[in-house]
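Asker: sequence? don't have it. structure:
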């Protein structure tokens, strides 16, 4: 949290750098099994991404992948599917085919786990 305070002091509370910080911390927390903390930080990043870029932006869609993967780990398959579909849709709108393919791969795993 000390690192966040420094970043906020330099860049402002809603800056893109802060969103990146939250995303990085969320990924580290997820990888360490701290799923609730990861969700909290991913949601903070998502809020900043929406304010800074809107919901049809690459940062927002990448965040949707992170949240979707987290929901999958938590066993919330419907929420995972919703977030990953948002990512696929956004990447398709942005014509980011490689990212859309990645999001579709994660989505396929979720659908497989649902038996679909």
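Answerer: It's in. Model, not experiment: these values are computed from the prediction.
Asker: Would you check that residue 114 makes contact with residue 81?
Answerer: Yes - shown here, residue 114 and residue 81 form a contact pair, counting by Cβ atoms under 8 Å, at 7.4 Å. C-beta: built from backbone N, CA, C; applies to glycine.
Asker: out of these two, which sits in the more crowded spot?
Answerer: Taking other Cβ atoms under 10 Å, residue 114 and residue 81 do not tie; residue 81 has more neighbours (20 against 11).
Asker: What does the pLDDT read for that one?
Answerer: With respect to pLDDT, residue 81 scores 96.
Asker: who's in contact with it?
Answerer: Residue 81 sits next to 68, 107, 110, 111, 114 when contact means Cβ atoms under 8 Å, 6 or more residues apart in numbering.
Asker: how close does it sit to residue 115?
Answerer: 12 Å (Cβ to Cβ, to the nearest Å).
Asker: okay, now residue 97: neighbour count?
Answerer: Using other Cβ under 10 Å, residue 97 has 10 other residues around it.
Asker: and it, what does it touch?
Answerer: Per Cβ under 8 Å, 6+ apart, neighbours of residue 97: residue 91.
Asker: which residues touch the most centrally placed residue in the chain?
Answerer: With distances taken as Cα atoms, centre = their mean, residue 63 lies nearest the centre of the chain, 2.1 Å away. For residue 63, the contact set (Cβ under 8 Å, 6+ apart) comprises 23, 42, 45, 46, 49.
Asker: helix/strand/coil for it?
Answerer: Recorded secondary structure, residue 63: helix (DSSP: H, G, I helix; E, B strand; the rest coil).
Asker: Using the three-state scheme, assign the residue lying closest to residue 63 once chain neighbours are set aside.
Answerer: Of all residues not flanking residue 63 in the chain, residue 46 sits nearest, at 4.8 Å (Cβ to Cβ, 6 or more residues apart in numbering). Secondary structure, three-state DSSP: residue 46 is helix.
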